[in-house]
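1. okay, here's the prediction I keep looking at, along with the sequence it came from:
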Amino acid sequence: MKVKVPYANEVYEILPHEKIKNIITGLNPETIVRTAHEGYIPGIKAGYAAVNLVTGELESKSLQQNEHHKGIDALWVAIYKIGPNPPDWPMEEIYTDEEIRTWKNSEEYEEGICIDEFHQIDPIQIYEREIEAEIYHFNLDWEWINEQLDHWYTKAL
C-alpha cells in the first residue's frame, strides 16, 4: 500500500492496516509508556510512542504544539502521548502508605510542609514512581488510534 507524505512530493510503501493493528496490540504497556517519555520535554514538547508505518517499529516522537513532521518522518501513528504537562497523580499513587502516614503524623505536616519536601526523595525516584503509576493506569485509546489509521489508509494510492 502506498501513500503520499505531507509537505513533500514523495510516495512510500506502508505496511498493511491489519499488520499495524497487530503490532500495536502486541506491545507491552511499560514499553509504550517509557517510549513516550523518551520524547517528552516537560512544559515544552509532548512525547509520543508511535508505530512507524513503513517499518512497524515502535519509536519515540517529540512535538511542540502546532509542530508537524514532513516527508517520510510523518509516516507514523501515535499510540500514546505524554504532555506537554504530565498527569497530576494523587499522592497515594506516588507514595507508600507508610510514607504518607509518617508525613501526616509529623510536625512538618501541621506546619503545611508538602509531602515532597518532607520526604526529600530523589526526583528521579519520584519520576520513576510516576511512570509506574502511568503504566498501572495505562489504556490504549483505540478511537484516537483508529482515527489516525483511517487518515493514512483512506489516503492510500
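-> Great, that's in hand.
2. all helices of the protein, in order?
-> Remark: helices assigned in the chain by DSSP state H are 17-25, 29-38, 91-94, 97-104, 107-110, 115-119, 123-136, 142-153.
3. how about these, which one is nearest L75?
-> helix 142-153 (7.6 Å; C-beta to C-beta). All C-beta atoms are positioned from the backbone trio N, CA, C, and that covers glycine.
4. helices and strands around the closest one, which ones?
-> Here helix 142-153 touches helix 17-25, strand 76-82, going by 3 or more C-beta pairs under 8 Å, 6 or more residues apart in numbering; DSSP states H and E.
5. thinking again about what came up before, nearest to A46, of the helices of the chain?
-> The nearest among the helices of the chain, by C-beta to C-beta, is helix 29-38 at 8.5 Å.
6. state the mean pLDDT of that closest one.
-> In this model, helix 29-38 has an average pLDDT of 96.
7. adding mean neighbour count and distance to S62, write the helices of the chain out as a markdown table.
-> Listed next are these as a markdown table, based on neighbours: other C-beta atoms under 10 Å; distance: least, C-beta to C-beta, whole Å:
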| stretch | mean neighbour count | distance to S62 |
| --- | --- | --- |
| helix 17-25 | 15 | 20 |
| helix 29-38 | 18 | 8 |
| helix 91-94 | 14 | 25 |
| helix 97-104 | 13 | 33 |
| helix 107-110 | 12 | 38 |
| helix 115-119 | 16 | 27 |
| helix 123-136 | 14 | 17 |
| helix 142-153 | 14 | 17 |
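8. now distance to T55 too, for those, in a markdown table please.
-> Converted to a markdown table, the helices of the chain look like this (distance: least, C-beta to C-beta, whole Å):
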| stretch | distance to T55 |
| --- | --- |
| helix 17-25 | 10 |
| helix 29-38 | 14 |
| helix 91-94 | 35 |
| helix 97-104 | 43 |
| helix 107-110 | 52 |
| helix 115-119 | 41 |
| helix 123-136 | 25 |
| helix 142-153 | 14 |
